[in-house]
Each structure stands twice: as structure tokens, then as C-alpha cells.
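S.K.: Okay, predicted coordinates and the sequence, questions at the end:
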Amino acid sequence: MHDLLTLPKAELHLHIEGTLEPELVFALARRNRLTVPFADVEALRTAYRFDDLVSFLDLYYACMDVLRTEEDFADLVTDYARRAAAQGVRHVEMFFDPQAHTSRGIPLDVVMAGLTEGIRRASALHDLSAGLIACFLRDRPVEEAHSTLDALAGHVDSLLGIGLDSAEVGYPPSLFTEVYRDARQMGLRLVAHAGEEGPPSYVWEAIDELGVDRVDHGVRVMEDSALVQRLQSDRMPLTLCPLSNVRLRVLPDLSFHPMQAMLSAGLVVTVNSDDPAYFGGYAGDNFVALAEDLPLGQDDFVLMARNSFDASFIDDDRRRELMTAVDEWRADADQDDQARGWASL
Ligand code: HPA
Ligand SMILES: [Zn+2]
């Protein structure tokens, strides 16, 4: 297999707060004169063992307390961009959680200014385009999502869209139907986490009641054949996160991942990292892990890379440029295969 880390790809399911590496937690804590309740970087990294989504979220929300200033948010983005660019990520649509910051007294203006400055710096340093998707925390009151959307209205030009994340089970998408209707009227694109730990019915709701453009995760959709048929005929993209599913024990190990069945069913699947600092790998690492543990071929990975640009919200010129980059990778890979063939004669 040609080097999957160099395969050009878009990352469409990435929580920027989930890119906070232990080293950066300690560096930002020092800068902001805060104490971290872990002895050192290694002790914090050792705590990255999770039983499920909620046990991860407890640590995820605790660690992000070190993010206080514009510069902190900008550093978070540039740190991620460096790692992502080194793994072939050429476009990223990053989630952030406004309520996780405003609820601890960080103004939305600070968060937005820091993230947009980080994106400006990252795109100057790397061949990387980027956009922002603001997620509502589904386990907080729906009223709060409405007031957060009102606050986001002042930043609508800096946003691609809205999403829905945090603890899933017990918080079905339909709770947020009005919020999504209002966001659509503001011209925002719509995505939502559904079918990570929650049942296929949550994916139906995300499509039929929220009207999403993509489903985030959806790893459980194969349990419902009518849903698979619907996703296939709508060409509804799924942003899958294989290493996340293993770390959060949605799957016992990667060999249980339904990627092959999804590809055979004609679903528009993409490969993403979710919270790479916590789940043991960035976007390219997720491609490599799939190649190691599942009988997928080079064509499958090229298709998943193309899907990532197809399913993205980028403009057509950039999309064409990135599709061409995939074609070039493919041509290099074919040449390598041919050279290997000659060498073995
Ligand atoms: O994987 C996730 N699922 C739901 N909410 C999240 N917030 C950060 N990561 C996640
Ligand atoms: Zn996620």
C-alpha cells in the first residue's frame, strides 16, 4: 500500500478541543498560572483510558479549562494544523463547543477571535483550508442552544455550520428541531452526531427532523437496513471515526468496524479522528489503522479520500484542486506498484 499519510484528505469530524495534547495542557496551565490536577504529562496521558463516551467527556471538559485567552485558542489550532498537515490533511471543518467555554466565563468573542486567528496562521503555514462548525451540547437545556445560536448570529460569516455533540443517549436529535430550523434560515450548514452510542432511530431523526447535510459517526446504521437504503439513495455522508470507536468501547476492536459492509452498501463514508489527542491518532493514523486491521485495498482509501472532499463544504475551485491532488497520489501509487512488479520479475 502506498503511504496513506500522504494521501490528500479532508477531516470533517474533528473537535478542536479534542486536539489538546497533554503537553499543551501543561504549557497553557503554566502560561495562565493554573494548576493541573495531574503530576505531569505522563500522568495525564495515563488517564486517557475510557469506559464510554461520558467517561471521556468528563476529562475532555476538565482539560479544556486551560483555554482562557485568544492566544490559547489560536495556539490550539496551529498545534493541530501542524500535526494534521503532516498526515495529508488538506482541508478541515473543525467543531468547537461554544457552551463549554461561555459556561465557564470565557466570552464567545474571545473563542471566535482565537480560533479564526489560528486558522489564519495555519493556512499561511500549510496548504490547509479550514472552517468552523459550532456544536450545541445536547445534554444541556435546549433553551441554551437557542441563546447560543443567537450569540453566534454575530459571527455567522466566520462559521460554516452547526453541529450537535456531547452525551448522546437520552438526548435525541428531535429535541433540537427548532434550533436547526433557525440555523438553516441563517444560511448555516447542518450536521449532527447520531448513531455513535445512540440507536439508528437517532440517525433517522437527524435526517428527517433536523435536515442534516452529514451524519457524524453513524457507526450503528448497519443495524437498520431501511436506514442504510435511505442513506445510500440520499448519498448522505457519514463521518466515521474508527480509533474513537475503539477507545470509547463502541467496538471491541477495529476488526469489528463495519467499514467494508458500508462501502459494499454504497454509503458515502469518510475517515476522521474525532478527538485525536485522546484517542491515539490523527486522521492519517485512522487510515493506517483501518489498512492494518481490515481487508481494505488502495481503491477503498482513494474513494474515502474523494468522499471527504465531496462531502465537505468547500468551494468548488478548492474541491477540484484537492481532487486533482488525490488523482496525483493515485498515479504515484500505480507507478510504485508497477515498479515493484518489475522488481519482482
Ligand atoms: O465523540 C464525541 N461524541 C460526542 N461528543 C463529543 N465531544 C467531543 N467528542 C465527542
Ligand atoms: Zn465527535
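M.R.: Done, it's in. Ligands and ions are numbered 1, 2, ... in the order given.
S.K.: Can you report how many residues lie near residue 259?
M.R.: 20 (other CB atoms under 10 Å). Heads up, the C-betas are built off the backbone N, CA and C, glycines and all.
S.K.: pretty sure it contacts residue 294?
M.R.: Yes. At 5.9 Å, residue 259 counts as touching residue 294 under the criterion of CB atoms under 8 Å.
S.K.: tell me which parts of the stretch 1-150 of the chain are close to ligand 1?
M.R.: By the rule CB under 6 Å from any ligand atom, the part of the stretch 1-150 of the chain lying against ligand 1 is 15, 18, 53, 60.
S.K.: quick one: the last one is in a helix?
M.R.: Spelled out, it's residue 60. Yes. Under DSSP: H, G, I helix; E, B strand; the rest coil, residue 60 falls within a helix.
S.K.: Relative to residue 167, how far out is it?
M.R.: Note on residue 60: its distance to residue 167, by CB to CB, to the nearest Å, is 11 Å.
S.K.: So if I had to pick from those two, which one is more boxed in?
M.R.: Each of residue 60 and residue 167 has its neighbours counted (other CB under 10 Å); residue 60 has more, 21 against 16.
S.K.: Most proximal residue of this protein with respect to ligand 1?
M.R.: residue 165 (3.5 Å; CB to the nearest ligand atom).
S.K.: for residue 295, helix, strand, or coil?
M.R.: Applying three-state DSSP: residue 295 is coil.
S.K.: biggest helix in the protein by residues?
M.R.: Counting by DSSP state H, the longest helix found in the chain is helix 316-343.
S.K.: Which strands or helices does that one pack on?
M.R.: strand 89-96, helix 298-310 (3 or more CB pairs under 8 Å, 6 or more residues apart in numbering; DSSP states H and E).
S.K.: let's see 6 Å
M.R.: Counting contacts by 3 or more CB pairs under 6 Å, 6 or more residues apart in numbering; DSSP states H and E, helix 316-343 packs against helix 298-310.
S.K.: If you count neighbours, what's buried in the helix it packs on?
M.R.: Using 16 or more other CB atoms under 10 Å as the test for burial, helix 298-310 gives 298, 300-309.
S.K.: try stretch 4-23
M.R.: 4-5, 7-22.
S.K.: which phi and psi does residue 3 have?
M.R.: The phi/psi pair for residue 3 (degrees, to the nearest 10) reads phi -60, psi 110.
S.K.: Per-residue pLDDT of it, please?
M.R.: With respect to pLDDT, residue 3 has a value of 94.
S.K.: repeat for residue 77
M.R.: For residue 77, the model assigns a pLDDT of 98.
S.K.: That one contacts residue 117, correct?
M.R.: No. Using CB atoms under 6 Å as the test, residue 77 is too far from residue 117 to be in contact (8.0 Å).
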